[in-house]
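*Asks:* Predicted model, plus sequence, below.
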Amino acid sequence: MSKALIIVDVQNDFCEGGSLAVAGGNQVARDIATYLANHGAEYDVVIATRDWHDPDSDNTGHISSEPDFVGTWPSHCIGGTPGADFHPELWPSGERYPHDEVRKGQGAPAYSGFEGINAAGESLRSLLDDANVTEVDVVGLAFDYCVKATAIDAARTGYRTRVLRDLTAAIHQDGVADAAMRSANVTITESQTRD
Ligand SMILES: [Zn+2]
């Protein structure tokens with residue numbers, strides 16, 4: 001039995017100043033860094049995801065020149081550009097985080113980290129299973145899109161899954177994402193009351 005922290009898409013384009021900024025994204029990056037400094041050792045593995053769109057791809061419908069901000073989005077997280085970089089304050093100094101990284105969206109409209117692969121082509125599920133992970137905590141951006149999709153996939157795969165809401169920020173504050181996650185057996189809690 002081991003425990004993983006999955007840090008979803010804390011990238012410049014999803015934080016204030018980026019092309020698809022989520023209000024509160026910069027603060028989420030700082031708060032996750034503080035959380036990692038204080039609690040990172042409680043996790044056997046820390047895995048980050050990044051949205052990563054190929055510049056020479058049509059991205060199959062998720063990026064649009066006329067985005068509706070529900071299912072289509074302005075250009076964001078183009079691989080190799082500063083917008084796709086991790087937020088500069090995300091990782092605590094002196095720590096070797098993340099232990100691994102999966103990238104998603106490469107030519108596909110992926111929201112879930114479980115649709116991504118690491119540099120060696122391994123899926124998030126295989127990375128977690130190789131580490132004997134049974135529990136995952138999910139944090140990052142955005143609460144109602146990629147955090148939600150990643151958490152629901154984690155719960156459906158069989159991991160005990162929690163979202164630490166104070167280490168996330170949402171695009172739409174309508175409660176729809178909360179209901180979808182809860183009905184998939186995801187626990188929504190706070191970083192200070194994880195049990
Ligand atoms: Zn994307």
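*Replies:* Ah, there it is.

*Asks:* what's the helix ranked longest in the chain packed up against?
*Replies:* If you go by DSSP state H, the chain has its longest helix at helix 25-39. The contact analysis (3 or more CB pairs under 8 Å, 6 or more residues apart in numbering; DSSP states H and E) places helix 25-39 against strand 133-141, strand 160-169. To be clear about C-beta, it is placed using only N, CA and C from the backbone, and glycine gets the same treatment.

*Asks:* So what are the sheet partners of the first one and their directions?
*Replies:* Right, strand 133-141. If you go by DSSP bridges, strand 133-141 pairs up with strand 2-8 (parallel), strand 160-169 (parallel).

*Asks:* could you check whether the helix or strand following it is close to the ion?
*Replies:* Going down the chain from strand 133-141, the next helix or strand is helix 148-157, by DSSP states H and E. No - using CB under 5 Å from the ion, helix 148-157 never reaches the ion; the gap is at least 11.5 Å.

*Asks:* List the buried residues for helix 148-157?
*Replies:* Residues 148, 149, 150, 151, 152, 153, 154, 155 are the ones in helix 148-157 that count as buried (16 or more other CB atoms under 10 Å).

*Asks:* Identify all contacting residues around it.
*Replies:* With contacts defined as CB atoms under 8 Å, 6 or more residues apart in numbering, helix 148-157 is touched by 6, 8, 49, 111-114, 125, 136, 138, 161, 163, 177, 180-181, 184-186.
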